[in-house]
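In: This is a predicted model, with the sequence first.
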Amino acid sequence: MAKLYFRYGVMGSSKSANALMVRYNYEERGQRALMVKPDIDQREGKAIVNSRIGLNYPCIWFDELRAMPAAEIQSYQCIIVDEAQFLTHQEVQYLTEVVDDLRVPVICYGLRADFKGDLFPGSQALLACADIIEEVKTICWCGKKATYNARFDEHGKVLKEGEQVVLGANDKYIGLCRRHWKEGNLGPDWA
């Protein structure tokens with residue numbers, strides 16, 4: 001039975017690396033897995049899922065998935081969506097149709113909340129309707145579980161205001177525990 005999965009974690013928790021490993025595992029067993037991401041994430045300038053540890057693989061944009069005929073989607077044993085926090089509520093509803101009507105499992109990876117601690121629209125929709133919700137864990141610099149995405153400026157100041165979506169990676173974001181996120185404390189390396 002096909003299911004909709006939401007695997008969430010903070011920045012730096014290896015969500016994209018996990019997505020790429022899942023794709024590899026499917027294909028290693030002779031099954032087809034399709035990598036997809038929302039077209040808002042064009043950090044690499046092309047349709048590619050990229051991880052911090054150097055793994056990458058071509059993908060298609062979410063709009064391309066929606067334009068595919070049902071029979072083509074059903075030729076895949078799994079759809080893997082990276083950066084799922086950027087999906088709209090309607091796009092998440094479309095994924096429920098892929099799972100329920102086309103019977104293709106969908107595994108979504110993304111952030112749960114933004115740098116202010118607010119849910120992203122795609123994450124909110126996935127938390128409401130995913131069949132399986134799993135956390136991809138990492139740690140804060142202090143060793144506690146990181147649960148917040150801290151956005152910081154070039155001086156190491158943790159920001160709490162601004163646009164919800166500012167694309168970046170280790171140059172703008174770090175996962176922190178709640179205490180250090182509240183304090184705006186990026187750790188001793190930033191002191």
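Out: On my side now, so go ahead.
In: check contacts around the spatially most central residue of the chain.
Out: Centroid check for the chain by Cα atoms, centre = their mean gives Gly110 as the closest residue, at 1.9 Å. By Cβ atoms under 8 Å, 6 or more residues apart in numbering, the residues touching Gly110 are 6, 8, 15, 81-87, 120, 122-123, 126. C-beta: built from backbone N, CA, C; applies to glycine.
In: Which helix runs longest in this protein?
Out: Using DSSP state H to define each element, the chain has its longest helix at helix 15-28.
In: Output that helix as CSV, nothing but the C-alphas.
Out: Taking C-alpha atoms only, helix 15-28 is exported to CSV below (Å, rounded to 0.1, in the frame of the first residue of the first chain):
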residue,chain,number,x,y,z
LYS,A,15,17.8,15.4,4.6
SER,A,16,19.0,15.7,1.0
ALA,A,17,21.7,13.1,1.5
ASN,A,18,19.1,10.8,2.9
ALA,A,19,16.8,11.4,-0.1
LEU,A,20,19.7,10.6,-2.4
MET,A,21,20.5,7.4,-0.6
VAL,A,22,16.9,6.3,-0.7
ARG,A,23,16.9,6.9,-4.5
TYR,A,24,20.1,4.9,-4.8
ASN,A,25,18.7,2.0,-2.8
TYR,A,26,15.6,1.8,-5.1
GLU,A,27,17.7,1.9,-8.2
GLU,A,28,20.2,-0.6,-6.8
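In: Just the angle for the next helix or strand after it relative to helix 15-28, thanks.
Out: Downstream of helix 15-28, the first helix or strand assigned by DSSP states H and E is strand 33-37. Angle of strand 33-37 versus helix 15-28, following axes from the mean of the first three to the mean of the last three Cα atoms, to 10 degrees, is 160 degrees.
In: List the buried residues of strand 33-37.
Out: Ala33, Leu34, Met35, Val36, Lys37 (16 or more other Cβ atoms under 10 Å).
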